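**Student:** take a look and give me a structure for this.
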Amino acid sequence: MFHSNKATGRQGPRLLLFFALLLAAATSQGEAVERDAGVLAGRTGTLIADEFNIASDTAGIELYVRNKRPIGLEPSAERTVLFVHGATYPAETSFDLRLDGLSWMDYIALHGWNVYLVDLRGYGRSTRPDEMSQPPEDNDPIVTTDVAIRDVAAAVDFILWRDGIRKVNLIGWSWGTTIMGGYTARNNHKVNRLVLYAPVWIRETPSAINSPDTLGAYRLVSRESANQRWLRGVPDDKISSLIPDGWFDAWAKATWDSDPQSASSGLLRAPNGVIHDIRNYWMQGKTTWNPTDIRVPTLIIGGNWDRDTPPYMAQNVLERLGNAPAARRIEIGEATHTVIMEKNRMQLFREVQLFLQD
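**Tutor:** As a prediction, this is how the structure comes out:
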């Protein structure tokens, strides 16, 4: 529920601010959400899925793209959306992992949408650069934000070509917000609406990602460290009820299985370009993109317990969206950086859907 609904005016296009603290719903509301999710989960058989390996702008590097949509749907610019992931984990296990029979991709597609995701190079099913087959210390950090924006550009152009449309909607999570924000700033003419889920901005607090002083090409991530990072900032008496039973294990298995080397090492490889950019931009008072360049409706959404990208970052981005025709910020109560896989995930899904269909 909204605890405040406030509009503020600015010079130029009017900026709408919906700042909401979504606390845990009453029992009856929670039951209604579960019924809605159950109904949608029962309809996933009406969706079709396609997978592609598309060319990037670099020889030998292919990008994995997945599409889900209702059978018989005619694609349109207004109802086509692309997801991109964050710094460490691939898109498939973030946006299309079925928990209790339903993924976020499923949810959007079941509302009559044409939904895509892309793995950036070095992640998931996309090509891993040669540096990732060598010891990490042998090479400099790979896959910076600029490279990631180029990968998104390749995915967008593929979608526009395949579906015969001129624009898409974009959703980025965490580091993905700097990628989608940066892409949109350069390509407003190709974007309908922009969703920034847990946005990165200039950091005023220590980074939640631990890394050595000298960065190699990539880093190695354990399941234990992922779990500790996820729960950082959650009150002790709320930890046991935050993630439904079995969800973390299902996500961790799917995510670590996405890296062929994890079977022997137990560790997930993740490119360090993002860490390079955090250190050289976001922790130095500098940015990789400028929100004032955004000229499409924008939603900022995240959790109040987020320690990776604390709520002050979302507010700072919002205050710089003065050229967007409309902007909203929504904060979900009892939710972390990974609310996408927590008990309150349906609040995230529904708020984003309302914005996309507004």
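**Student:** tell me the secondary structure at Leu194.
**Tutor:** With DSSP: H, G, I helix; E, B strand; the rest coil as the basis, Leu194 sits in strand.
**Student:** dump the residue contacts of it.
**Tutor:** The contact partners of Leu194, by Cβ atoms under 8 Å, 6 or more residues apart in numbering, come to Asn169, Leu170, Met180, Gly181, Thr184, Ile294, Val296, Pro297, Thr298, Leu299. (Each C-beta comes from the backbone N, C-alpha and C, glycine too.)
**Student:** what about 10 Å?
**Tutor:** The neighbourhood of Leu194, defined by Cβ atoms under 10 Å, 6 or more residues apart in numbering, consists of 169-172, 177, 180-181, 183-185, 188, 291, 294-300, 321, 324, 327, 355.
**Student:** what's opposite it in the beta bridge?
**Tutor:** With DSSP bridges as the criterion, the beta-bridge partners of Leu194 are Leu170, Thr298.
**Student:** can you show me the helices along this structure?
**Tutor:** 27-41, 91-95, 104-109, 145-163, 175-186, 223-231, 239-242, 247-257, 262-265, 273-277, 311-318, 345-356 (DSSP state H).
**Student:** name the helices or strands packed onto the fifth one?
**Tutor:** Spelled out, that is helix 175-186. Helix 175-186 is packed against strand 80-84, helix 145-163, strand 168-173, strand 191-197, helix 273-277, strand 298-303, helix 311-318, with contacts defined by 3 or more Cβ pairs under 10 Å, 6 or more residues apart in numbering; DSSP states H and E.
**Student:** same thing but at 6 Å, please
**Tutor:** Helix 175-186 sits against helix 145-163, strand 168-173, strand 191-197, with contacts defined as 3 or more Cβ pairs under 6 Å, 6 or more residues apart in numbering; DSSP states H and E.
**Student:** re earlier: right, and the helices of the chain - which one's nearest Gly72?
**Tutor:** Evaluated over those, closeness to Gly72 peaks at helix 104-109, with 12.4 Å, by Cβ to Cβ.
**Student:** and the closest one, how far from the chain's centre?
**Tutor:** Distance of helix 104-109 from the chain centroid (Cα atoms, centre = their mean, to the nearest Å) equals 14 Å.
**Student:** can you tell me which helices and strands that helix packs against?
**Tutor:** Using 3+ Cβ pairs under 6 Å, 6+ apart as the contact criterion, the elements in contact with helix 104-109 are strand 62-70, strand 114-118.
**Student:** please identify the most buried of these.
**Tutor:** Of those, the one with the most neighbours on average (mean count of other Cβ atoms under 10 Å) is strand 114-118, at a mean of 27.
**Student:** who are the packing partners of that strand?
**Tutor:** Under the contact definition 3+ Cβ pairs under 6 Å, 6+ apart, strand 114-118 sits against strand 62-70, strand 80-84, helix 104-109.
**Student:** mind checking how far that strand is from the chain centre?
**Tutor:** With Cα atoms, centre = their mean as the basis, the distance from the averaged C-alpha position of strand 114-118 to the chain average is 12 Å.
**Student:** who does it pair up with?
**Tutor:** Sheet pairing for strand 114-118, using DSSP bridges, gives strand 62-70 (antiparallel), strand 80-84 (parallel).
**Student:** of all the helices of the chain, which lies closest to Pro135?
**Tutor:** helix 262-265 (12.6 Å).
**Student:** how about that closest one: buried residues?
**Tutor:** By neighbour count with 16 or more other Cβ atoms under 10 Å, helix 262-265 contains the buried residues Ser262.
**Student:** how much space between the closest residue to Ala55 other than its chain neighbours and Val168?
**Tutor:** Beyond its immediate neighbours in the sequence, the residue positioned closest to Ala55 (Cβ to Cβ, 6 or more residues apart in numbering) is Glu62, lying 6.3 Å away. In this structure, Glu62 and Val168 are 20 Å apart, going by Cβ to Cβ, to the nearest Å.
**Student:** how about Ser103?
**Tutor:** Distance of Ser103 to Val168, computed by Cβ to Cβ: 19 Å.
**Student:** quick check: closest non-adjacent residue to Ser174.
**Tutor:** Gly86 (3.2 Å).
**Student:** likewise Ala335?
**Tutor:** Distances taken as Cβ to Cβ, 6+ apart put Gly303 closest to Ala335, at 2.9 Å, once the chain neighbours are dropped.
**Student:** ok, that neighbour touching Gly333?
**Tutor:** No: between Gly303 and Gly333 no contact is recorded; they are 7.9 Å apart, counting by Cβ atoms under 6 Å.
**Student:** so Arg203 touches Gln284, yeah?
**Tutor:** No: distance between Arg203 and Gln284: 9.2 Å, which falls outside the contact criterion (Cβ under 6 Å).
**Student:** these two: who's more crowded?
**Tutor:** In terms of neighbours (other Cβ atoms under 10 Å), Arg203 is the more surrounded of Arg203 and Gln284; the figures are 19 against 11.
**Student:** where's that one relative to Trp230, distance?
**Tutor:** Shown here: Arg203 relative to Trp230, a distance of 19 Å by Cβ to Cβ.
**Student:** what residues are up against the closest residue to Ala154 other than its chain neighbours?
**Tutor:** Distances taken as Cβ to Cβ, 6+ apart place Ser56 nearest to Ala154, at 5.2 Å, with adjacent residues excluded. Residues in contact with Ser56 (Cβ atoms under 6 Å, 6 or more residues apart in numbering) are Leu63, Asp151, Ala154.
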